[in-house]
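> Here you go, sequence then predicted model.
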Amino acid sequence: MRIKAVPILLTALVLFFSGCKAKPSSQAITAAPKETADTTISEPVYGIWFSYLEYRSLCTGMNEEEFSAFSDQAVANMKDMGFNRLYLHAVAFTDAFYDSKIYPRTAVLPDIDYDPFAIFSRKAKAAGIKVEAWINPMRSVTPEEMEALPEDFIIRKWVKDNDERVRQSGDRYYLNPAYPEVRDLIVSVAEELCDRYDIDGIHMDDYFYPYDTKRNFDAYIYSLVQEENPELSLEDFRMNNVDLMVKELHDAVKKKNPKLYFDISPAGNIDNCINLLFANPYHWCENNTVDYLIPQIYWGYLHPIKPFESTLQEWKAVAGDSGVAILPGLAAYNIGLRFKLSEDDEVNGEWETNDDLMARQTRTSLEEGCPGVVYFSYSSFFHPDEETADIVNREIEHLKDQIGK
């Protein structure tokens with residue numbers, strides 16, 4: 001989950017990829033049959049993300065008894081607010097916040113002898129909150145963290161062999177979805193979660209290809225595919241790889257149980273999503289490979305480039321008449337903050353001076369026909385910084401009034 005505001009100049013200059021359509025490669029995407037998914041959202045979703053950041057900041061050092069008590073309080077907090085769906089991190093960096101036979105235990109919570117995902121998800125389910133296992137498929141560890149992983153871990157072996165199936169980008173490694181073995185690994189983790197836990201779906205967010213992916217990230221496999229399709233651009237090649245990964249995840253989840261949800265929270269700026277991350281939500285809607293989307297519309301009504309209402313309309317147009325629902329992701333972490341977005345003081349202070357933006361954006365979303373919203377994230381409401389605590393508490397009261405209607 002990326003929580004940085006979109007830079008104004010970057011947003012203004014990024015080019016829209018022509019037509020938003022990936023040319024076919026050697027592996028064509030076929031649409032999933034709509035009748036396989038019994039996943040209509042019948043009541044408003046008020047969801048909340050609980051990320052590895054919360055695990056790190058709120059749960060480090062807890063033993064099982066302490067974590068169990070924490071989970072009880074967290075679930076009580078969610079119920080009091082009216083939240084009815086939890087997106088709980090299970091895989092953040094090709095690691096596991098659960099007892100996995102595939103990925104090593106996360107270093108975010110080192111030296112624990114219990115299964116935090118099992119405890120938290122069980123308590124949420126018992127309280128009537130739906131739980132989706134949140135995975136980051138491609139993002140992996142830093143080079144320093146890689147050295148601490150087991151020698152027989154497949155990703156470490158790939159790194160040791162300088163295998164293109166995993167490549168470093170910036171300060172960490174990323175998996176390369178061009179390779180079937182990589183996609184199989186990613187799918188196997190989703191299958192493991194579906195098999196082992198009482199969950200309502202698999203959720204993934206906006207970590208696809210890293211920003212500013214270099215040409216040498218996947219040069220070899222791209223050259224092989226180009227031999228079959230010389231006209232295939234690198235951008236379309238990468239988009240097709242993401243489409244394949246999404247479809248294979250979707251199909252695996254539906255094979256486990258057609259009633260399980262498979263959904264994605266893409267970057268809120270559609271241009272960036274397509275052109276920089278090679279993740280094309282038009283394709284997922286056209287191919288029926290997601291049940292719903294949670295675009296990260298993390299901006300206020302007055303944002304000079306991506307104002308909330310017009311951005312929501314853009315996302316509704318992405319879904320069109322596909323049947324894919326749009327549930328806006330809302331930035332609770334912005335409450336009380338001031339930004340330098342323009343020369344207009346009202347614009348810059350929108351989040352600082354208004355104490356009802358979450359309630360208003362929730363109301364706007366429902367009035368526009370969205371079947372719910374999702375808030376990032378748990379700690380923003382229940383463990384705010386001291387300097388924003390007062391305005392957060394006022395936001396909570398407004399939001400309770402809105403959700404309670």
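Perfect, thanks for sending it. Numbering: from 1, shown residues only.
> Spell out, range by range, the strands that occur in the stretch 151-300 of the chain.
In chain order, the stretch 151-300 of the chain shows strands spanning 166-169, 172-175, 201-204, 261-264, 292-293, with DSSP state E, counting those that start in this stretch as the criterion.
> What residues of the helix or strand encompassing Y87 count as buried?
According to DSSP states H and E, Y87 maps onto strand 85-91. Residues of strand 85-91 classed as buried: R85, L86, Y87, L88, H89, A90, V91 (neighbour count, 16 or more other C-beta atoms under 10 Å). All C-beta spots, glycine's among them, are computed from the backbone N, C-alpha and C.
> Quick check: next helix or strand after it?
The C-terminal neighbour of strand 85-91 among helices and strands, as given by DSSP H and E, is helix 116-126.
> Can you spell out which helices and strands pack onto that next one?
The elements that helix 116-126 packs onto, with contact taken as 3 or more C-beta pairs under 8 Å, 6 or more residues apart in numbering; DSSP states H and E, are helix 64-81, strand 85-91, strand 130-135.
> other SSEs contacting the shortest one?
Other elements packing on strand 130-135 under the criterion 3+ C-beta pairs under 8 Å, 6+ apart are strand 85-91, helix 116-126, helix 180-196, strand 201-204.
> switch the cut-off to 10 Å
When contacts are defined as 3 or more C-beta pairs under 10 Å, 6 or more residues apart in numbering; DSSP states H and E, strand 130-135 sits against strand 45-50, strand 85-91, helix 116-126, helix 180-196, strand 201-204, strand 261-264.
> Same question for the longest one.
Using 3+ C-beta pairs under 10 Å, 6+ apart as the contact test, the elements touching helix 64-81 are strand 45-50, helix 52-59, strand 85-91, helix 116-126, helix 378-382, helix 389-403.
> so who does the closest residue to R215 other than its chain neighbours touch?
Using C-beta to C-beta, 6 or more residues apart in numbering and skipping residues adjacent in sequence, the residue nearest R215 is L234, 6.8 Å away. Under the criterion of C-beta atoms under 10 Å, 6 or more residues apart in numbering, the contact partners of L234 comprise T213, R215, F217, D218, A219, Y222, V225, Q226, F278.
> Now render those residues as TSV, adding pLDDT and distance to I186.
Listed next are the contacts of L234 as TSV, based on pLDDT from 0 to 100; distance: C-beta to C-beta, whole Å:
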residue	pLDDT	distance to I186
T213	96	17
R215	94	23
F217	97	17
D218	98	16
A219	97	21
Y222	98	19
V225	97	19
Q226	96	24
F278	98	16
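> Of those, select the buried ones using a ChimeraX command.
Buried members of the contacts of L234, identified by 16+ other C-beta under 10 Å, are gathered into one ChimeraX selection as follows:
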select :213,217,218,222,225,278
